[in-house]
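A.B. asks: dropping the sequence and predicted coords here.
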Amino acid sequence: MVKARKYVVKKIFEGLPKLEDFEIVEYELPVLKNGEILVKVEWVSVDPYMRAYNIRYPVPYDQFGYQVGVVEESKDPRYPVGTRVVSHKGWCDYVIIDTSDPDPVAGELYKLPDLKGYSDSFGIGAVGMPGATAYFGFLELCQPKAGETVVVTGAAGAVGSLVGQIAKIKGCKVIGFAGSDDKVKWLEEIGFDKAINYKNADAAAALKEAAPNGIDCFFDNVGGELSSDIMYQMNEFGRVAICGCISAYNIDRSKLPKATIVQLAILGKQLKVEGFHLWRWKSKIPEAYEQMIKWIKSGELKPLEQISKGFENVFDAFVGMLNGENFGKAVVKL
Ligand SMILES: NC(=O)c1ccc[n+]([C@@H]2O[C@H](COP(=O)([O-])OP(=O)(O)OC[C@H]3O[C@@H](n4cnc5c(N)ncnc54)[C@H](OP(=O)(O)O)[C@@H]3O)[C@@H](O)[C@H]2O)c1
């Protein structure tokens, strides 16, 4: 019998999630049935949507999320022992997966792509959901052209840091907003033309100085007044991709903060503003993974990870990410 541990969410979060909102449950896994695999989890992801989606599910529920693991026992010949798989089974150390039962959010489990020797954790980062989000969300919605000016918010995070680097690969000028001076320094080191600390700068004035000719593409992870400031500096026919709105995730939805209306900017400059979910491009996701690996191998793209260690530290890594402690993708090595 294999003993497993998992994080169960037992309370709806109020504001920032608290450790008491979770319970670590230890239990014995049953014997494998045909079509099932036993996976030893090696890497677990912590992501903002785990906070945002918390109101969607009745408690208690098992904390979902991407993970990479290795098959330790198999009753599905497609996944022999030793195969590495990516699933959405969340924060647990061992799990039994029914290979024919797709996850309601993430779809079917799949084999970890060939990462050409890079860390398996890239499978939940640059060559996983965040990487595909950056790739399709930015390229399909922003349609960047060489020489254009791109602004990214949440620029030092998993998705934002990849969007900025893809924009550089496409020959754009890139400006990023992030929440600390150290992040600003790091972004400029990895090739952003300019980075701005939105916590201590006059964002509108700093942006005007950094982009005197205006902005053509805006990839927004954050929302709120910062986004409104940016929208008012867009050029005619600019494109805005709404990827996330993390400034509102920890706030009571009935008391959302007000931000300057953006309709004048959208109308005046004939902007195209579009929200998206990655799943729109579900059937094309392998294309993104292939390209991300090529860029990583060529050195054009440098994924950074914030690695925490140990099953007991998954919660801290999650809240740390929500608080902005992560540079690049926040992951936990079990
Ligand atoms: N549409 C989709 O399909 C899709 C898919 C994946 C992710 N997303 C969204 O993309 C965004 C980024 O996700 P990620 O996984 O890359 O996370 P991340 O950026 O790695 O981590 C979250 C970051 O958000 C920033 N943040 C936290 N509170 C903030 C606030 N009040 N105002 C501004 N920034 C704040 C923090 O950085 P600072 O230190 O800079 O504040 C923190 O590091 C999220 O909004 C997420 O929901 C959307």
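C.D. replies: Received the coordinates, thanks.

A.B. asks: the residue in the stretch 201-334 of the chain positioned nearest to the ligand: how many residues sit nearby?
C.D. replies: Using Cβ to the nearest ligand atom, the closest approach of the stretch 201-334 of the chain to the ligand is made by Gly244 at 1.8 Å. Heads up, the C-betas are built off the backbone N, CA and C, glycines and all. Neighbourhood size, Gly244 [other Cβ atoms under 10 Å]: 24.

A.B. asks: grab the nearest non-local neighbour of it.
C.D. replies: Of all residues not flanking Gly244 in the chain, Asn221 sits nearest, at 4.4 Å (Cβ to Cβ, 6 or more residues apart in numbering).

A.B. asks: that neighbour - how many residues pack around it?
C.D. replies: 26.

A.B. asks: for the residue nearest to the spatial centre of the chain, give its distance to the ligand.
C.D. replies: The residue lying closest to the centre of the chain (Cα atoms, centre = their mean) is Pro130, at 4.0 Å. Distance, Pro130 to the ligand, by Cβ to the nearest ligand atom, to the nearest Å: 5 Å.

A.B. asks: what pLDDT does that residue get?
C.D. replies: Note on Pro130: pLDDT of 98.

A.B. asks: just checking, Pro130 touches Val159?
C.D. replies: Yes. Counting by Cβ atoms under 8 Å, Pro130 touches Val159, with 4.9 Å between them.

A.B. asks: returning to what we had before: so for the residue nearest to Gly244, what pLDDT did the model give?
C.D. replies: 98.

A.B. asks: the stretch 201-334 of the chain: helices as residue ranges?
C.D. replies: Taking DSSP state H, counting those that start in this stretch as the criterion, the stretch 201-334 of the chain contains helices spanning 203-210, 224-231, 263-268, 285-298, 314-322.

A.B. asks: tabulate those helices (TSV), appending distance to the ligand and mean neighbour count.
C.D. replies: Shown next, in TSV, are the helices of the stretch 201-334 of the chain (distance: least, Cβ to the nearest ligand atom, whole Å; neighbours: other Cβ atoms under 10 Å):
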stretch	distance to the ligand	mean neighbour count
helix 203-210	11	17
helix 224-231	7	21
helix 263-268	20	13
helix 285-298	11	17
helix 314-322	5	20
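
A.B. asks: out of these, flag the one nearest Leu19.
C.D. replies: helix 314-322 (5.5 Å; Cβ to Cβ).

A.B. asks: pLDDT (mean, whole number) over the closest one?
C.D. replies: Throughout helix 314-322, pLDDT has a mean value of 98.

A.B. asks: which helices and strands does it pack with?
C.D. replies: helix 48-52, strand 305-309, strand 329-333 (3 or more Cβ pairs under 8 Å, 6 or more residues apart in numbering; DSSP states H and E).

A.B. asks: swap the cut-off to 10 Å and go again
C.D. replies: With contacts defined as 3 or more Cβ pairs under 10 Å, 6 or more residues apart in numbering; DSSP states H and E, helix 314-322 has these neighbours: strand 3-9, strand 22-28, strand 36-45, helix 48-52, strand 305-309, strand 329-333.

A.B. asks: from the stretch 51-200 of the chain, which residue is nearest to the ligand?
C.D. replies: Counting by Cβ to the nearest ligand atom, the stretch 51-200 of the chain gets nearest the ligand through Gly157, at 1.7 Å.

A.B. asks: that residue reaches Phe219, doesn't it?
C.D. replies: No. With contact defined as Cβ atoms under 10 Å, Gly157 and Phe219 do not form a contacting pair (11.4 Å).

A.B. asks: shared neighbours of the two, anything?
C.D. replies: Each of 163, 176, 244 lies in contact with both Gly157 and Phe219 under the rule Cβ atoms under 10 Å, 6 or more residues apart in numbering.

A.B. asks: Throw the residues you listed into CSV and include pLDDT and distance to Lys145, thanks.
C.D. replies: Putting the shared contacts of Gly157 and Phe219 into CSV (pLDDT from 0 to 100; distance: Cβ to Cβ, whole Å) gives the following:
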residue, pLDDT, distance to Lys145
Val163, 98, 15
Gly176, 98, 19
Gly244, 98, 24
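
A.B. asks: list the residues that contact both of Pro130 and Val159?
C.D. replies: Shared contacts of Pro130 and Val159 (Cβ under 10 Å, 6+ apart): 47, 278, 329.
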